[in-house]
Every structure is written in structure tokens, then in C-alpha cells.
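Undergrad: return a 3D structure for these sequence lines:
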Amino acid sequence: MQPKISVIIPVFNGEKYIKETINSVLEQTFQDFEIIVIDDGSIDKTEEIVKSFPSSKIHYEKQTNKGVAAARNRGIELAKNNWIAFLDADDLWVNNKLELQIEAFLNNQTLDIILGQVEHFYSPELSPKQQAKLHCPKEIQAGFLPGTMLVKKEVFNRIGVFETKWKIGEFIDWYDRTRQHCISQVLPNVLLKRRVHNASLTVTNKAAQKDYLQIIKNSLDRRKNLS
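TA: Residues are numbered from 1 along each chain as shown. Below is the predicted model of the structure:
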């Protein structure tokens, strides 16, 4: 089956960066995709900005605020294509991200999930003083993140969707559940440019970081039960 992609962008009050994020998708060298923007209850100008794009590829839906996992899941429900990609509303793709992943799949059609590398950058509006307060890894890292992933839609039928009880870390929980059931590849290429800024969810939602600890415990328990 010819790969076609549904790109899901969950957003909450993303007026500052959403335009640049969507443009990084529209400028992809692989063009057979739709963009599904799930607005998770924004009260800023996100809706106005998204609807200002003339592209017929973009579909916008607004829901009451339910969290990023619920927004991703709603995007999966709406997706019409056989492959799914995610991009957070403040991050950017390199312009051949989708092309590289489709090539990888065409070379090995047993793959279910294709990831890549991530490069972090300080958002340009940050002053040196603000940058000094935020951690921005200098090295390229393996991107076990939704923004680097391309995944067959049917994987969600096998594994299930994202657990909505987690405030953050829902992707780590989901990806861990795929390990015993899916074939994955991590490409050596940088696919995602991850923005570091003051409003990053992991910065503003420190209280929810305890979710990570519970997710790690759940993962260890799953592996213990499998051994």
C-alpha cells in the first residue's frame, strides 16, 4: 500500500510558535500527507493562526482541555491515512523528515515504527540570562519522542492509544508497551529540532514529573513479568 501520512499536531495556547511548526510540515519534500491540528482548549490566537493557512491539507478541531494524550488520541481517531506522525506545536521538522522515513520503510516493509535523532535549540527570543536557566543539550540525541516518530496507524489497534491519566510522559509509557510487539528502527539522521523555551511543558509542569517515576516503575514491572 502506498504510504500516506496523517500528521497530528496537539496544541494548547500555541500562538507563539504554531505558525512556524505548521510551515515546517508544509515544506516537507514528501507531500502526501494531511495535517490534523487538535486544539486542546486554547484561549489565545491559536485558532485564528491555524485557520489563516490557505492549505487544504490542514484540518482543525477544537476540544475542551483534556491534556496532550487525549489530543493525540483524538487526532488518531480522525486520521484518514495509513501512517501517523506527531509534532508538538513548538517544535520543528527538518524538511526531509518524512521522505527519509518513507525511504526507510520502503527498504524494509516489516517496520512498524521509524524514529530518528533530535537536535535541541534555544528559542530565539530567550535572553542569555533566560537561556542560562534552561537545559538545552548540545549533543545530538536519539529521539525517542513523538516528534521523531512515524508509525503505522494499525499499531494503535494492536497496542492501544496513549494513556490519558499521565500529564506528561504518555509517550514513554506507550512506546514501552510497543517493545514486545513492534519492529522499530532509529535512523541516524536528525529529524526533529526541539525548541527549549520558558513555556515548555516539562518546565512549567514540574509537579507532573512524578508521572515519569510511576511510568518507569510500570515499565520495570512489565519487564519483570515478561522475564
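Undergrad: OK, contacts around the closest residue to residue 43 other than its chain neighbours?
TA: Nearest non-adjacent residue to residue 43, counting by Cβ to Cβ, 6 or more residues apart in numbering: residue 13, 6.6 Å away. Every residue, glycine included, has its C-beta placed from N, CA and C. Contact analysis of residue 13 by Cβ atoms under 8 Å, 6 or more residues apart in numbering lists 42-44, 46.
Undergrad: any of those buried? List them.
TA: Those of the contacts of residue 13 that meet the buried threshold are 42, 46, by 16 or more other Cβ atoms under 10 Å.
Undergrad: of the contacts of residue 13, just say which sits nearest to residue 190.
TA: Checking the contacts of residue 13 against residue 190 with Cβ to Cβ, the nearest one is residue 46 at 27.1 Å.
Undergrad: show the backbone phi and psi for that closest one.
TA: phi -60, psi -50 (degrees, to the nearest 10).
Undergrad: verify the stated contact: it with residue 19.
TA: No - judged on Cβ atoms under 8 Å, residue 46 makes no contact with residue 19 at a distance of 9.8 Å.
Undergrad: show me where pLDDT drops low in this structure?
TA: Within the chain, the stretches with pLDDT under 70 are 1, 200-227.
Undergrad: bridging residues for residue 58?
TA: Taking DSSP bridges as the rule, residue 58 bridges to residue 35.
Undergrad: residue contacts, it?
TA: Applying Cβ under 8 Å, 6+ apart as the definition, the contact partners of residue 58 turn out to be 22, 34-35, 37, 50.
Undergrad: widest-spaced pair of those?
TA: Most distant of the contacts of residue 58, by Cβ to Cβ, are 34 and 50, 13.7 Å apart.
Undergrad: higher neighbour count, those two?
TA: For residue 34 versus residue 50, neighbours defined as other Cβ atoms under 10 Å are more numerous around residue 50 (24 against 18).
Undergrad: roughly how far apart are the more buried one and residue 44?
TA: In this view, residue 50 and residue 44 are 11 Å apart by Cβ to Cβ, to the nearest Å.
Undergrad: direction included, what does the lengthiest strand in the chain pair against?
TA: Within the chain, and with DSSP state E defining each element, the longest strand by residue count is strand 184-196. Strands flanking strand 184-196 in the sheet, each with its direction: strand 92-93 (antiparallel), strand 113-122 (parallel) (DSSP bridges).
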